[in-house]
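Colleague: Kindly return the folded structure for what I paste below:
(one chain, ligands or ions: 1)
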Amino acid sequence: MISTAKNRKTFGGFILGTLLVLAITCSNPMYGQANFDKTKSTQSNIPDSIKVILKRNQCIACHREKDPLVGPSFEQIAKKEYSSQQLLKLIRTPQTSNWPGYPPMPPVKSITEEEVNNLAIWIMTLNKS
Ligand code: HEC
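Modeller: Alright, predicted model coming up:
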């Protein structure tokens with residue numbers, strides 16, 4: 001008998017605790033803020049010459065400058081400090097194991113060496129670390 005009453009009390013405490021966590025999570029303004037920033041950063045400062053390359057090869061469907069989308073952001077990629085030769089290889093034959101948690105990138109063969117050279121220079125400017 002006594003132990004049943006004790007269990008009920010513990011269960012009640014558990015429910016109360018769960019509700020409290022939920023209330024805090026929902027009222028936390030940071031969550032709304034994150035969503036807001038996501039829509040904002042789709043209008044980024046990508047130079048026109050780079051936008052043309054990203055659009056022509058459809059990279060923009062999966063990559064953004066600052067926020068990860070389907071693939072990592074170009075800022076994240078910049079931290080790897082790839083040379084343009086390495087970038088060319090990775091775009092034509094992606095190595096998904098480099099990005100745990102991401103789906104595989106389909107190989108993009110349409111991109112030219114010159115386009116990758118220009119991309120590489122731009123990506124380098126995003127590395128702020
Ligand atoms: C259908 C979605 C999709 C498209 C289109 C796409 N990517 Fe990716 N990309 C990804 C994903 C997902 C990853 C991470 C997993 C992987 O590398 O397979 C990635 C990874 C990368 C990497 C990191 C490579 C590494 O191994 O560190 C680079 C650089 C890159 N993409 C550039 C590009 C460029 C440039 C284009 C356009 C020519 C492009 N991607 C098109 C989804 C995409």
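Colleague: Tell me the helix or strand right after the helix-or-strand element of the chain with minimal mean pLDDT.
Modeller: Least confident helix or strand, the chain: helix 29-40 with a mean of 46, by mean pLDDT, DSSP states H and E. The helix or strand immediately downstream of helix 29-40 is helix 48-56, counting by DSSP states H and E.
Colleague: How about the residues of this protein by the ligand?
Modeller: Residues of the chain found near the ligand (C-beta under 6 Å from any ligand atom) are 57-59, 61-63, 70-72, 77, 80, 87, 90-91, 94-96, 98-99, 102-106, 108, 111, 119. In short, each C-beta sits where N, CA and C put it, glycine included.
Colleague: Just the buried residues out of these, in PyMOL syntax.
Modeller: In PyMOL syntax, the buried subset of the residues of the chain next to the ligand is picked out as below (16 or more other C-beta atoms under 10 Å):
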select buried, resi 57+59+62+63+71+72+77+87+90+91+94+99+105+111+119
